[in-house]
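# quick one, structure for this:
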Amino acid sequence: MRKVSPSKDAFYIRCIALVVSQINCDGMADSAN
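Numbering: from 1, shown residues only. Next up, the predicted model:
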């Protein structure tokens, strides 16, 4: 397991969560329309 600084790790986790939530929102909007 590679070592990553906590701040950078949290940054990547937040970015991934943001992208995933964005995809989920787009999916919901598509199904609603």
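# low-confidence ranges, the chain, go.
For the chain, residues meeting the criterion pLDDT under 70 lie at 1, 28-33.
# strands of that one, start to end?
Counting by DSSP state E, the chain has no strands to list.
# which parts of the chain are helices?
With DSSP state H, the ranges of helices along the chain come out as 6-32.
# and Cys25, how close does it get to Phe11?
Noted for Cys25: a distance of 21 Å to Phe11, by C-beta to C-beta, to the nearest Å. The C-beta positions use only the backbone N, C-alpha and C, and glycine is treated the same way.
# since we're on Asp26, how many residues are nearby?
Counted by other C-beta atoms under 10 Å, the residues lying close to Asp26 total 10.
# any idea how far it lies from Tyr12?
21 Å.
# how many neighbours does Ser7 have?
Ser7 is flanked by 7 other residues according to other C-beta under 10 Å.
# over to the one 5 residues further on?
For Tyr12, the neighbour count with other C-beta under 10 Å is 10.
# ok, it - contacts?
By C-beta atoms under 8 Å, 6 or more residues apart in numbering, the contact list for Tyr12 reads Val4.
# which ones are touching Asp26?
Contacts of Asp26 by C-beta under 8 Å, 6+ apart: none found.
# shift numbering so it begins at 101
Understood, numbering begins at 101; the last thing we discussed is Asp126.
# could you measure from it over to Ile116?
Applying C-beta to C-beta, the value for Asp126 to Ile116 is 16 Å.
# please apply the same query to Ile123.
Separation of Ile123 from Ile116 (C-beta to C-beta) stands at 11 Å.
# again, but for Gln122
Using C-beta to C-beta, Gln122 is found at 11 Å from Ile116.
# for Cys115, the count of nearby residues, please.
Counted by other C-beta under 10 Å, the residues lying close to Cys115 total 10.
# meant to ask about Ser121
By other C-beta under 10 Å, the residues close to Ser121 number 10.
# gap between it and Gly127?
Separation of Ser121 from Gly127 (C-beta to C-beta): 11 Å.
# excluding its backbone neighbours, what's nearest Val104?
The shortest distance from Val104 to any residue other than its chain neighbours is 7.8 Å, reached at Tyr112 (C-beta to C-beta, 6 or more residues apart in numbering).
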